[in-house]
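>>> Pasted the sequence and its predicted model underneath.
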Amino acid sequence: MARVTTKPTGGNGVKVDSSHEPVTESERLRAGARTDQRQPPAKIRRRGGLSIQSKLLIMLLLVSLLSALIVGVIGFTSGRESLRAAAVDQLTTIRELRAFEIESTMAGLQRGVSLDSRNLSAQTLSREMNAAWDELQTRELTPEQQAELAAYYADTFVPELEARTGDEYSDIAFIPESNAGRWAQYHYTAQFADFDEALATDDGGDGTPYSEVAQQYGDYLSRLVNAVGYEDLLLLNLDGDVMYSAYKGVDLGTNLETGPYRDSLLAQAFRDTIATASVNAIETTDFERWVPSLGVPTLWVVSPIGNDAGITGALAVQVPLATINDTMTGGEQWGEQGLGRTGEVYLAGRDGLMRSASRELLQNPDGYAEAVIANGTAPTTAERIAEVNGTVLLQPVDSFSVQEANLGNTGTSISQDYIGGESITAYTPLEIEGLDWVAVARIESSEAFAPVADFTRNLVLSTLAILLAVSVASLLLAQVFTRPIKRLVDAVRRVAGGDLAVQVPQGSRDEFGDLGNAFNDMSASLRIKQDLIDAQREENQKLLLTLMPETVAARYKNGEETIAEEHDNVSVVFAELVGFDEHSQELTGSDEIAQLNLLMRGFDEAATNAGVEKVRTLRGGYLASSGLIVPRVDNVRRAVDFAQEMRKVVQRFNAQHGTSIDLRAGVDTGTVTSGLVGRASLAYDLWGDAVSLAYRVRSVTGDPGIYVSQAVRDRLQDSVVFSEAGTVELQGRPQSVWKVG
């Protein structure tokens, strides 16, 4: 799309750069100098009485007192920040200690399980138990025994499980599919109602090789459980069968590949461990609700059994929840360990749920649910926590600190936690193989910053008396000192409001009196300069309106830098003088400008009479529009009439000066865009297909005359005589050109 852009010329034909104001800075300075010359310098009057210097000395005495107060405030601020930093540092230290303890505890458990699974006793036990388990697969329970096993689940285990979890379970869902599994559960699991008795008994009394192996190695396995404090210990073969359970629970005899726990974290850890085929492998699961333990959150450490020649099974150890809680609560000695009344350190997983016990639940179980519900925990969740007296995998702690720690960040924050109000927290991710946990230490801000509050209260009380005395003295002296200032302030406000004739009384005989005289002189000078500025502003406005339409000028003055408007149904006239360049060769520069200005003034007058808007004056040419600023139904008619009138202006010029200049003009109608172009040199411009076509049709033959597009001819064909002049191509399409007359 073509666009015609030239700089505008002033009324005398001289080009005007709109990036510069008509009145230069030097002219303003000269005007200001003339104004200053009209104002005689104020006479310096000798003063008597108390000088402003004396008054300032009095004020400095008060400033000294205030300076001491400011120093005290700075000391207070520094002291307060030190106390706050100390509280945060203490909490950070406790967090690091707890994090180190839980990491060490878990690492020790993992090392212990790995060593236990690789010693000679475990290897021998695994081989013999595998053989005994294979033999047990050949044995079947009698119908009476199968009924007794089913009755154990229906009457004992399932009711206890449903009462604990609140869910419903099938009576037969947990009965093993294999003969060996059912045999082991009937002779062991269904026979014991007491866990301690089950741990101490390994002989099923059935005379099977399985009972012999269990009896032979049961003491070794029981001592492992008792010595380390495991919740349970499972022995598995490579097929996923749980061949041995220290507490003979309902997980004994089940298969982790096909049984009811095949989707558990324990089953996945077993598969991952066996898949390595390496005795050095170790897998640790996150907490999951383990059905054989009545839904209690359970964490497992799984390690292969075998040696470098191969593995024969796996050892799975159930880590007691109490081990985790004892480590994180420090044996519930929070106060003795620097956590005060409200502090604690807890664990959280990537799911935003707790992995350790809450201090508030342990100390105040009756009020816990109400406290966490008030802070956003769902009532059903809070009721379940109170019912099972545990927060692991129940209490949401998806706070800012937990989120940051889950991102791998270590730091501190002051934010809302899962309970209570605002808390200071110190958070860090943990480095425990197989677990994606974070540790968060928290303490309520009110308790942590209690020393800060005490320090603040004491300091405030101790300075109140001094401040009171200083305030009274300052009030009395300020009334004397600020009276003339208030008069000056009032006068300045009136000047700011536009009253440049204001004068202040000249009462005092000190520096304030001199300031009043100077203000009066300034007010008079401003009044004169404002008159000059008003006159200059009017000149600038007139010049601006010669460069662009009034609406565009208003937007430009309001600060818009990018101004563009799209206009529909606008007619564009693009005209140029033919023969003026040859004529101007015989003229002097001043004569050329004078004659060019005469022509342009004629064009301007014709545009005004025709109701056409001048867009831009060109050297030897003219760009105008009809319907751009003021929408007109007959804009096409006006544009053509204007072009014809321009030729008449040229003909009158020829008659007066004996010249043979002519005019060639192009007219098109359609949609155009107008706006300001450039920054350093501002120009109002018009562009679009209509402008491009108007520019091109004028030169279709090269002869003088008025040429119009097909669109113009279609709208005026009944009232104007046209003759076909040729064609031009616009955007790949031929356009017919018609000549008027």
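Cool, got the structure.

>>> how long is stretch 431-438 from one end to the other?
Across stretch 431-438, the terminal residues are separated by 9 Å (C-alpha to C-alpha, to the nearest Å).

>>> most remote residue from the chain's center?
Residue farthest from the centre of the chain, counting by C-alpha atoms, centre = their mean, is residue 658 at 75.5 Å.

>>> where does it fall, phi/psi-wise?
Dihedral pair for residue 658: phi 70, psi 30, per degrees, to the nearest 10.

>>> The one 4 residues further on now?
Residue 662 adopts backbone torsions of phi -140, psi -180, taken as degrees, to the nearest 10.

>>> Can you show me the helices along the stretch 551-700 of the chain?
580-584, 589-610, 635-657, 689-697 (DSSP state H, counting those that start in this stretch).

>>> Could you point out which of these sits nearest residue 202?
helix 689-697 (98.7 Å; C-beta to C-beta). For every residue, glycine as well, the C-beta is placed using N, CA and C.

>>> What's the mean pLDDT across the closest one?
Mean per-residue pLDDT for helix 689-697: 71.

>>> Report all helices and strands that the following helix or strand past that helix contacts.
Of the helices and strands lying after helix 689-697 in sequence (DSSP states H and E), the nearest is strand 705-709. Packing contacts for strand 705-709, counted by 3 or more C-beta pairs under 8 Å, 6 or more residues apart in numbering; DSSP states H and E, involve helix 635-657, strand 662-677, helix 689-697, strand 733-740.

>>> how many degrees apart are strand 705-709 and strand 662-677 in direction?
Inter-element angle recorded for strand 705-709 and strand 662-677: 50 degrees (by axes from the mean of the first three to the mean of the last three C-alpha atoms, to 10 degrees).

>>> List the contacts of strand 705-709.
640, 643-644, 647, 664-669, 693-694, 697-698, 700-701, 716, 722, 725, 735-741 (C-beta atoms under 8 Å, 6 or more residues apart in numbering).

>>> Among those, name the buried ones.
Among the contacts of strand 705-709, those buried by neighbour count (16 or more other C-beta atoms under 10 Å) are 640, 643-644, 647, 664-669, 693-694, 697-698, 700, 716, 722, 725, 735-740.

>>> could I get the helices of the stretch 551-700 of the chain as CSV with distance to residue 343?
Below are the helices of the stretch 551-700 of the chain laid out as CSV (distance: least, C-beta to C-beta, whole Å):
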stretch, distance to residue 343
helix 580-584, 94
helix 589-610, 86
helix 635-657, 82
helix 689-697, 76
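
>>> and those, which one is worst for confidence?
Of all those, helix 689-697 has the smallest average pLDDT, which comes to a mean of 71.

>>> Which parts of the stretch 301-450 of the chain are strands?
310-319, 344-349, 411-416, 422-429, 437-444 (DSSP state E, counting those that start in this stretch).

>>> Okay, now the unreliable bits of the stretch 501-650 of the chain?
506-508, 541-551, 559, 561-562, 619 (pLDDT under 70).

>>> before we move on, back to that, got CSV for the strands of the stretch 301-450 of the chain, with distance to residue 282 and mean neighbour count too?
Formatted as CSV, these follow (distance: least, C-beta to C-beta, whole Å; neighbours: other C-beta atoms under 10 Å):
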stretch, distance to residue 282, mean neighbour count
strand 310-319, 10, 24
strand 344-349, 20, 25
strand 411-416, 31, 15
strand 422-429, 20, 23
strand 437-444, 17, 26
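
>>> Select, out of those strands, the one closest to residue 294.
Between residue 294 and the strands of the stretch 301-450 of the chain, the shortest gap by C-beta to C-beta is with strand 310-319, which sits at 13.1 Å.

>>> now what about that closest one, what contacts it?
Contacts for strand 310-319 (C-beta under 8 Å, 6+ apart): 109, 113, 116-117, 122-123, 126-127, 129-130, 230-238, 243, 266, 269-270, 273-274, 277-279, 290, 293, 298-306.

>>> and that strand, which strands flank it?
strand 232-237 (antiparallel), strand 296-307 (antiparallel) (DSSP bridges).

>>> Distance from the chain centre to the first one, please.
Meaning strand 232-237. 51 Å (C-alpha atoms, centre = their mean, to the nearest Å).

>>> got the contact list for that strand?
Under C-beta under 8 Å, 6+ apart, the answer for strand 232-237 is 125-126, 129-130, 133, 221, 224-225, 242-247, 249, 251, 256, 270, 293, 305, 312-318.

>>> Now, those residues that are in helices?
Judged by DSSP state H, the contacts of strand 232-237 include 125-126, 129-130, 133, 221, 224-225, 270 as members of helices.

>>> any chance of the strands paired with strand 310-319 in CSV, plus mean neighbour count?
Compiled in CSV, those are given as follows (neighbours: other C-beta atoms under 10 Å):
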stretch, mean neighbour count
strand 232-237, 24
strand 296-307, 24
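
>>> which one of those strands lies closest to residue 534?
That would be strand 296-307 among those, by C-beta to C-beta, at 83.7 Å.

>>> For that closest one, give the mean pLDDT please.
Computed over strand 296-307, the average pLDDT equals 94.

>>> For residue 227, give me the pLDDT.
pLDDT, residue 227: 84.

>>> before we move on, which element is it in?
Residue 227 belongs to helix 209-228, assigned by DSSP H and E.

>>> try residue 521
helix 511-547.

>>> packing partners for that helix?
helix 25-38, helix 450-496, helix 550-557.

>>> Can you mark which positions in the shortest one are buried?
Spelled out, it's helix 550-557. 552-553, 555-556.

>>> of all those residues, which two lie farthest apart?
553 and 555, at 7.4 Å, using C-beta to C-beta across these.

>>> Dead centre of this protein: give me the residue that sits there.
Closest residue to the average C-alpha location of the chain: residue 400 at 15.0 Å, with C-alpha atoms, centre = their mean.

>>> Please report the distance of the nearest residue to that residue once chain neighbours are set aside from residue 396.
Using C-beta to C-beta, 6 or more residues apart in numbering and skipping the chain neighbours, the partner closest in space to residue 400 is residue 415 (4.6 Å). According to C-beta to C-beta, to the nearest Å, residue 415 and residue 396 sit 15 Å apart.

>>> One more: residue 312?
Taking C-beta to C-beta as the measure, residue 312 falls 43 Å from residue 396.

>>> picking that back up, nearest to residue 347 among the helices and strands packed on strand 705-709 would be which one?
strand 662-677 (64.6 Å).
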